[in-house]
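Engineer: Sharing a model that was predicted from the sequence below.
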Amino acid sequence: MPGPGYYWIGEEEAQEVLDLINSKYLFRYGKEEDPAFKHKVKTLEEEVAKSFKINYTLAVTSGTSALITALSALGIGPGDEVIVPGYTFIASITSVVICGAVPVLAEVDDSLTLDPDDVERKITPHTKAIMAVHMLGNPCNLDRLSEIAKKHNLLLIEDSAQAFGGSYKGKRLGSIGNIGTYSFNFFKTINAGDGGMVVTNDKTLYERAFAYHDQGHFPLRMGVEIGKRSIIGQNYRMNELTAAVLIAQFRKLDKLIQRLHYLKDKFKEQIKDIKGITFRKINDKSGECATLLTVFLPDKKIADRVAKILNTTTVSHSGWHVYNNMEQLMGMKVINPKLNPLTNPYYKGSTKYEKGMLPKTDDLLNRAINISVGVVDAGLGSAFGININSTDEEVDRKVEEFKKALSQVGG
């Protein structure tokens, strides 16, 4: 159940890793003059920064640690509310909880990303940030979300875990808000099994992020620092082996996304005129990653029947990507410590998370089926479809399977 980068792992990745094994030096810090120190993490950070036109990049251990680091760099903590979509991987929500803040769930629209109208409805005097999750490789409506953030003096975080390499109106996803995050685990656009990255154009945020990810140290590109620690932090350092694989994967990114667009367009073109289905709204056609093709059926009953024939599920059953399925969250109550019922006019009791609390999101996900293009993952509801190495003939066969399934249910 891998992402597209998995299928293209080859000699380039092997050579980068072998370079390290032969040197025997696997730690991200070292002396620049030491020939054994290959500085793969530093090289990865610099190549992403240059290619994506982002001032500061910080490699970390995972997409989850990237989110925690980003939130911490922004100073988000107890009493702060962060608006998060109800359709996202659970880490988008739990990272807020880990930082002591309160996740406020909002609806998604037919792009399956944050609904800007509902975001604005969910803002309170304690809202500190909006987390824009570019779900399934599709950019959020960043024009609207940026306007809302500016209007209400809020921070904008881009969770680009599922959209590494995507863009919005010519700017790379992750570079538009105050801070952005990426993931490089097995299911993502490119991967090294795991890994993540924090990106920003703000020097202060970068320094805070760097300190948090490495026990409070100030930013260093090479050597180990002794003393002068600025804050109490964590250890989220990426190791050299992870970076070595990612360097090779990253250098294939543009060709990878180009191939995904070709395959998605070929599949979609053959089913676009079928009555009874509609497609997810894409907020930037050229900027999406094209890892999945999402179709909406007329109602839940038809969608369930079609999904069963295709040996997949509707998106509503895609595990910890749907708030209803997050058993750790359902039934939880979070009391904002800043809300005193005796003195605060905005007090409305605790925040409670319940199944069915986002009816618009529920309706969309109940009727949606993800057809894999580059991410073959039953956990995303994309067990049916193609992969990045599929031939034109295989695309055609899968199109016919999809059409047959629709015909069997009268679609």
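Structural biologist: Thanks, I have the structure now. Numbering: from 1, shown residues only.
Engineer: would you list every one of the helices in the protein?
Structural biologist: For the chain, helices defined by DSSP state H occupy the ranges 4-7, 11-23, 40-52, 63-73, 91-98, 116-121, 142-151, 203-213, 240-250, 253-271, 300-309, 359-366, 392-408.
Engineer: so which of the ones you listed is the most packed in?
Structural biologist: helix 63-73 (a mean of 27; mean count of other CB atoms under 10 Å). To be clear about C-beta, it is placed using only N, CA and C from the backbone, and glycine gets the same treatment.
Engineer: re the thing from before, now mean pLDDT and distance to residue 373 too, for the helices of the chain, in TSV please.
Structural biologist: As requested, these are exported to TSV (pLDDT from 0 to 100; distance: least, CB to CB, whole Å):
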stretch	mean pLDDT	distance to residue 373
helix 4-7	97	8
helix 11-23	98	22
helix 40-52	98	23
helix 63-73	98	21
helix 91-98	95	23
helix 116-121	98	26
helix 142-151	98	23
helix 203-213	95	32
helix 240-250	98	18
helix 253-271	98	5
helix 300-309	97	17
helix 359-366	98	19
helix 392-408	97	9
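Engineer: pLDDT wise, what is the spatially most central residue of the chain at?
Structural biologist: Nearest to the mean C-alpha position of the chain, counting by CA atoms, centre = their mean, stands residue 161 at 2.4 Å. Looking at residue 161, its pLDDT is 98.
Engineer: Ok, which of the helices of the chain comes nearest residue 186?
Structural biologist: Comparison of those against residue 186 by CB to CB identifies helix 4-7 as nearest, at 6.8 Å.
Engineer: Touching that closest one from outside, list them.
Structural biologist: 186, 188-191, 249, 252, 256, 259-260, 291, 374-375, 387-389 (CB atoms under 8 Å, 6 or more residues apart in numbering).
Engineer: could you list every residue that touches residue 191?
Structural biologist: Residue 191 makes contact with 2, 3, 5, 6, 184, 185, 245, 249, according to CB under 8 Å, 6+ apart.
Engineer: roughly how far apart are the nearest residue to residue 373 once chain neighbours are set aside and residue 314?
Structural biologist: Closest residue to residue 373 apart from its sequence neighbours, by CB to CB, 6 or more residues apart in numbering: residue 264 at 4.7 Å. According to CB to CB, to the nearest Å, residue 264 and residue 314 sit 20 Å apart.
Engineer: same thing with residue 151?
Structural biologist: From residue 151 to residue 314 the distance is 35 Å (CB to CB).
Engineer: Also residue 217?
Structural biologist: In terms of CB to CB, residue 217 sits 46 Å off from residue 314.
Engineer: these two touch, right, residue 145 and residue 130?
Structural biologist: Yes. Between residue 145 and residue 130 a contact is recorded at 5.9 Å, counting by CB atoms under 8 Å.
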